[in-house]
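Chemist: No letters, just coordinates:
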Ligand SMILES: [Zn+2]
């Protein structure tokens, strides 16, 4: 009887330990390195953007954020060991010593989140464009647009479906999805400046090897960053890139896209 009781208590104690360990793992926040380095145009919104990404991490309890403007010192094999994902709100040619190594780090199962001018970074370096999915080409004056939610099931955009309006600087791209692998989450069905019908992607994601890449072209203006609409879609994309949320990355590019001719 005694041995039996001991065994029972042992099993209960073991179950409690397993539960505690599972809870502990679920609660332990992930680590994001956010680079706001500008080697080209410098966005005035950067300090606010950094503060808001930190806040999203704190309020959700899901991740903490280290902000850097020193990619040469922080995007190294040794330092990346401390992070689960990197977020770029960058411009120009960053001085990362081993950029192929950085892309390989993402490919091996980490996350990459690109915001707004992250596509205005590393122009002409095809492996980066392939990873992020497009290269910034141009933008016109800031404009109010009606954004379609192409994947209403993707984390962070469910409440925005079927469409929402936003006033921002709207990017147009070249070399969009070089190998047609991305999953479009948000897009316009008109040219943001001329109103001519077409396909203009705004946010997308892709599976990159074992890693996850999320990009959102919005985010030029302070009032976009402080809006619930933007914060929710960004948080959804971050959590997806961190593998904390489920969402499809199945390619869904419309077959005849004007972007292909650029
Ligand atoms: Zn901008």
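Modeler: Thanks, I have the structure now. Quantities reported herein were computed from a predicted structural model and do not represent experimental measurements.
Chemist: Show me what the residue nearest to residue 243 when sequence neighbours are not counted bridges to in the sheet.
Modeler: Leaving aside its sequence neighbours, residue 243 sits nearest to residue 212 (C-beta to C-beta, 6 or more residues apart in numbering; 6.5 Å). Every residue, glycine included, has its C-beta placed from N, CA and C. Applying DSSP bridges to residue 212 gives these bridge partners: residue 111, residue 207.
Chemist: ok, residue 212 - how many residues close by?
Modeler: For residue 212, the count of nearby residues is 23 (other C-beta atoms under 10 Å).
Chemist: Would you mind measuring from it to the ion?
Modeler: Residue 212 sits 24 Å away from the ion, going by C-beta to the ion, to the nearest Å.
Chemist: List, one by one, the residues from this structure near the ion.
Modeler: Residues of the chain found near the ion (C-beta under 5 Å from the ion) are 169, 220.
Chemist: Quick check: the residue of the chain nearest the ion.
Modeler: In the chain, the residue that lies nearest the ion is residue 220 (3.5 Å; C-beta to the ion).
Chemist: Go ahead and confirm that residue touches residue 143.
Modeler: No: with contact defined as C-beta atoms under 8 Å, residue 220 does not reach residue 143; the gap is 11.0 Å.
Chemist: Who has more neighbours out of the two?
Modeler: When neighbours are counted by other C-beta under 10 Å, residue 220 comes out ahead of the other of residue 220 and residue 143, with 20 against 13.
Chemist: what ranges do the helices span in the stretch 1-150 of the chain?
Modeler: Counting by DSSP state H, counting those that start in this stretch, the stretch 1-150 of the chain has helices at residues 2-27, 46-60, 71-74, 77-80, 99-107, 126-132.
Chemist: mean pLDDT lowest for which of the ones you listed?
Modeler: Mean pLDDT per stretch puts helix 2-27 lowest among those, at a mean of 59.
Chemist: which ones are touching the residue nearest to residue 138 when sequence neighbours are not counted?
Modeler: Excluding the flanking residues, the one nearest residue 138 by C-beta to C-beta, 6+ apart is residue 172, at 5.2 Å. Residues near residue 172 by C-beta atoms under 8 Å, 6 or more residues apart in numbering: 137, 138, 139, 191, 192, 200.
Chemist: With residue 56 instead?
Modeler: Residues near residue 56 by C-beta under 8 Å, 6+ apart: 231, 234, 235, 238.
Chemist: which SS state does residue 205 fall under?
Modeler: Put simply, residue 205 is strand when judged by DSSP: H, G, I helix; E, B strand; the rest coil.
Chemist: how many neighbours does it have?
Modeler: Residue 205: 26 surrounding residues under other C-beta under 10 Å.
Chemist: Do I have it right that it meets residue 185?
Modeler: Yes: counting by C-beta under 8 Å, residue 205 does reach residue 185; the two are 6.3 Å apart.
Chemist: about what we covered before: any common contacting residues for residue 220 and residue 143?
Modeler: Common contact partners of residue 220 and residue 143 (C-beta under 8 Å, 6+ apart): residue 168.
Chemist: Low-confidence stretches in the chain?
Modeler: 1-27, 178-179, 254-262 (pLDDT under 70).
Chemist: which residue is nearest the centroid of it?
Modeler: Nearest residue to the geometric centre of the chain (C-alpha atoms, centre = their mean): residue 113, 2.7 Å.
Chemist: so that one touches residue 214, yeah?
Modeler: Yes: using C-beta under 8 Å, residue 113 is in contact with residue 214, at 5.1 Å.
Chemist: residues bridging contact with those two, i.e. touching both?
Modeler: Joint contacts of residue 113 and residue 214 (C-beta under 8 Å, 6+ apart) are 237, 238, 241.
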